[in-house]
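In: Just the structure for this:
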Amino acid sequence: MEENEQSARGLHFVGKKDELIEAKRSFRSIEDRDILIIYHQGVFYAMDSYCYHAGGMLNNGDIEEINGKLCIICPKHKYKLTLAKGECLYKGNNPKEKPPVPRWYSKGVKQRTHTVTENNGEIYVKLSDNPNWIESDYYQGEKGKIERAKAEASEKETS
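Out: Here you go, the predicted model:
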(Lines give C-alpha, C1' and ligand atoms only; values in the text may rest on other atoms or scores of the structure.)
Protein backbone atom coordinates (compact mmCIF):
# COMPACT_ATOMS: atom_id res chain seq x y z
CA MET A 1 0.00 0.00 0.00
CA GLU A 2 1.39 3.40 -0.94
CA GLU A 3 2.01 5.89 1.88
CA ASN A 4 -0.36 8.50 0.36
CA GLU A 5 -3.09 5.88 0.02
CA GLN A 6 -2.62 4.89 3.68
CA SER A 7 -2.95 8.41 5.04
CA ALA A 8 -5.87 9.18 2.73
CA ARG A 9 -7.71 6.23 4.26
CA GLY A 10 -6.65 7.24 7.80
CA LEU A 11 -4.39 4.23 8.24
CA HIS A 12 -1.28 4.61 10.38
CA PHE A 13 1.52 2.07 10.14
CA VAL A 14 2.28 0.79 13.67
CA GLY A 15 4.67 -2.09 13.00
CA LYS A 16 5.46 -5.40 11.39
CA LYS A 17 3.03 -8.17 12.30
CA ASP A 18 5.73 -10.53 13.62
CA GLU A 19 7.23 -7.84 15.86
CA LEU A 20 3.86 -6.83 17.30
CA ILE A 21 2.93 -10.47 17.92
CA GLU A 22 6.20 -11.01 19.76
CA ALA A 23 5.76 -7.81 21.82
CA LYS A 24 2.11 -8.70 22.68
CA ARG A 25 1.55 -5.07 23.74
CA SER A 26 2.90 -1.97 22.04
CA PHE A 27 2.54 1.74 22.75
CA ARG A 28 2.23 4.21 19.86
CA SER A 29 1.40 7.91 19.57
CA ILE A 30 -0.81 8.67 16.58
CA GLU A 31 -2.09 12.18 15.86
CA ASP A 32 -1.61 13.26 19.49
CA ARG A 33 -3.35 10.12 20.85
CA ASP A 34 -1.53 7.51 22.90
CA ILE A 35 -2.65 4.08 21.73
CA LEU A 36 -2.12 0.62 23.15
CA ILE A 37 -1.93 -2.17 20.56
CA ILE A 38 -2.62 -5.60 22.03
CA TYR A 39 -2.12 -8.99 20.43
CA HIS A 40 -4.11 -11.65 22.30
CA GLN A 41 -5.31 -15.10 21.23
CA GLY A 42 -4.57 -14.46 17.54
CA VAL A 43 -6.30 -11.06 17.32
CA PHE A 44 -5.02 -7.47 17.33
CA TYR A 45 -6.84 -4.79 19.32
CA ALA A 46 -6.14 -1.07 19.71
CA MET A 47 -7.47 1.29 22.36
CA ASP A 48 -6.58 4.50 24.16
CA SER A 49 -3.70 3.58 26.43
CA TYR A 50 -4.90 5.40 29.58
CA CYS A 51 -7.86 4.09 31.55
CA TYR A 52 -10.85 6.41 31.37
CA HIS A 53 -11.35 6.30 35.16
CA ALA A 54 -8.13 7.84 36.49
CA GLY A 55 -5.61 7.76 33.64
CA GLY A 56 -3.93 4.49 34.67
CA MET A 57 -1.60 2.91 32.11
CA LEU A 58 -3.36 -0.13 30.68
CA ASN A 59 -0.25 -1.71 29.16
CA ASN A 60 0.46 -3.70 32.35
CA GLY A 61 -3.13 -4.82 32.89
CA ASP A 62 -4.04 -8.50 32.96
CA ILE A 63 -6.35 -9.84 30.27
CA GLU A 64 -9.22 -12.04 31.40
CA GLU A 65 -12.42 -13.36 29.91
CA ILE A 66 -15.37 -11.86 31.78
CA ASN A 67 -18.93 -12.79 30.93
CA GLY A 68 -17.77 -14.12 27.55
CA LYS A 69 -15.80 -10.97 26.65
CA LEU A 70 -12.03 -10.46 26.67
CA CYS A 71 -11.18 -7.60 29.02
CA ILE A 72 -8.08 -5.75 30.09
CA ILE A 73 -8.01 -5.04 33.82
CA CYS A 74 -6.64 -1.61 34.72
CA PRO A 75 -3.81 -2.23 37.19
CA LYS A 76 -4.63 0.99 39.05
CA HIS A 77 -8.23 0.41 40.21
CA LYS A 78 -9.15 -2.93 38.57
CA TYR A 79 -11.66 -1.48 36.09
CA LYS A 80 -12.55 -4.09 33.47
CA LEU A 81 -12.60 -2.88 29.84
CA THR A 82 -13.57 -5.04 26.89
CA LEU A 83 -10.84 -5.22 24.25
CA ALA A 84 -13.28 -5.21 21.35
CA LYS A 85 -15.50 -2.23 22.23
CA GLY A 86 -14.05 -0.46 25.27
CA GLU A 87 -17.10 -1.25 27.36
CA CYS A 88 -16.62 -1.14 31.15
CA LEU A 89 -17.99 -4.18 32.98
CA TYR A 90 -18.77 -4.41 36.69
CA LYS A 91 -20.29 -6.99 38.99
CA GLY A 92 -23.35 -6.00 40.95
CA ASN A 93 -26.59 -7.18 42.50
CA ASN A 94 -30.09 -6.27 41.42
CA PRO A 95 -31.80 -5.44 44.73
CA LYS A 96 -35.18 -6.38 43.20
CA GLU A 97 -34.03 -9.99 42.86
CA LYS A 98 -34.74 -12.17 45.87
CA PRO A 99 -32.20 -13.42 46.76
CA PRO A 100 -29.91 -10.99 44.93
CA VAL A 101 -27.48 -12.78 42.62
CA PRO A 102 -24.21 -11.10 41.55
CA ARG A 103 -24.18 -10.51 37.78
CA TRP A 104 -22.01 -8.68 35.26
CA TYR A 105 -23.39 -5.37 34.02
CA SER A 106 -22.12 -2.82 31.49
CA LYS A 107 -21.45 0.85 32.19
CA GLY A 108 -21.38 1.34 28.41
CA VAL A 109 -18.44 2.30 26.21
CA LYS A 110 -15.90 4.23 28.29
CA GLN A 111 -12.63 3.49 26.49
CA ARG A 112 -12.12 4.56 22.87
CA THR A 113 -11.12 1.65 20.63
CA HIS A 114 -9.55 1.85 17.18
CA THR A 115 -9.55 -0.37 14.09
CA VAL A 116 -6.57 -2.61 13.37
CA THR A 117 -5.89 -3.96 9.87
CA GLU A 118 -3.14 -6.00 8.29
CA ASN A 119 -1.68 -5.71 4.81
CA ASN A 120 1.25 -7.87 3.65
CA GLY A 121 2.58 -8.45 7.18
CA GLU A 122 2.27 -4.79 8.15
CA ILE A 123 -0.16 -3.63 10.85
CA TYR A 124 -2.12 -0.38 10.59
CA VAL A 125 -4.37 1.44 13.02
CA LYS A 126 -7.25 3.67 11.96
CA LEU A 127 -8.26 6.01 14.76
CA SER A 128 -11.87 5.91 15.84
CA ASP A 129 -14.02 8.32 13.87
CA ASN A 130 -16.78 8.33 16.48
CA PRO A 131 -17.48 12.07 16.93
CA ASN A 132 -19.03 11.59 20.38
CA TRP A 133 -17.14 12.19 23.61
CA ILE A 134 -15.84 8.93 25.10
CA GLU A 135 -14.50 9.19 28.63
CA SER A 136 -10.97 8.01 27.79
CA ASP A 137 -10.66 11.15 25.61
CA TYR A 138 -10.11 13.09 28.85
CA TYR A 139 -6.58 11.71 29.33
CA GLN A 140 -5.36 12.26 25.75
CA GLY A 141 -3.17 15.02 24.27
CA GLU A 142 -1.38 17.81 26.14
CA LYS A 143 -4.37 18.55 28.37
CA GLY A 144 -4.59 14.85 29.17
CA LYS A 145 -0.93 14.78 30.21
CA ILE A 146 -1.69 17.51 32.78
CA GLU A 147 -4.80 15.67 34.02
CA ARG A 148 -2.88 12.39 34.37
CA ALA A 149 -0.24 14.17 36.46
CA LYS A 150 -2.97 15.67 38.68
CA ALA A 151 -4.61 12.25 39.14
CA GLU A 152 -1.24 10.71 40.02
CA ALA A 153 -0.48 13.48 42.54
CA SER A 154 -3.86 13.14 44.26
CA GLU A 155 -3.35 9.35 44.55
CA LYS A 156 0.01 9.92 46.26
CA GLU A 157 -1.62 12.36 48.73
CA THR A 158 -4.24 9.79 49.75
CA SER A 159 -1.73 6.91 50.04
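In: Could you pull out the strands in the chain for me?
Out: 11-16, 25-30, 33-40, 43-48, 63-66, 69-73, 80-82, 87-92, 103-109, 113-119, 122-126 (DSSP state E).
In: contacting residues around the shortest one?
Out: What it means is strand 80-82. Outside of strand 80-82, the residues within contact range by Cβ atoms under 8 Å, 6 or more residues apart in numbering are 47, 51-52, 58, 64, 66, 69-74, 87-90, 110-111. All C-beta atoms are positioned from the backbone trio N, CA, C, and that covers glycine.
In: same thing with the fourth one?
Out: Counting by Cβ under 8 Å, 6+ apart, the neighbours of strand 43-48 from elsewhere in the structure are 14, 20, 33-39, 58, 72, 81, 83-84, 86, 111-116, 118, 123, 125, 136-137, 139-140.
In: let's see it at 6 Å
Out: 35-38, 83, 86, 111-114, 116, 125, 136 (Cβ atoms under 6 Å, 6 or more residues apart in numbering).
In: thinking again about what came up before, including mean neighbour count and mean pLDDT, could the strands of the chain go into JSON lines?
Out: Shown next, in JSON lines, are the strands of the chain (neighbours: other Cβ atoms under 10 Å; pLDDT from 0 to 100):
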{"stretch": "strand 11-16", "mean neighbour count": "18", "mean pLDDT": "97"}
{"stretch": "strand 25-30", "mean neighbour count": "16", "mean pLDDT": "97"}
{"stretch": "strand 33-40", "mean neighbour count": "20", "mean pLDDT": "97"}
{"stretch": "strand 43-48", "mean neighbour count": "22", "mean pLDDT": "98"}
{"stretch": "strand 63-66", "mean neighbour count": "13", "mean pLDDT": "97"}
{"stretch": "strand 69-73", "mean neighbour count": "20", "mean pLDDT": "98"}
{"stretch": "strand 80-82", "mean neighbour count": "24", "mean pLDDT": "98"}
{"stretch": "strand 87-92", "mean neighbour count": "15", "mean pLDDT": "96"}
{"stretch": "strand 103-109", "mean neighbour count": "14", "mean pLDDT": "96"}
{"stretch": "strand 113-119", "mean neighbour count": "17", "mean pLDDT": "97"}
{"stretch": "strand 122-126", "mean neighbour count": "20", "mean pLDDT": "98"}
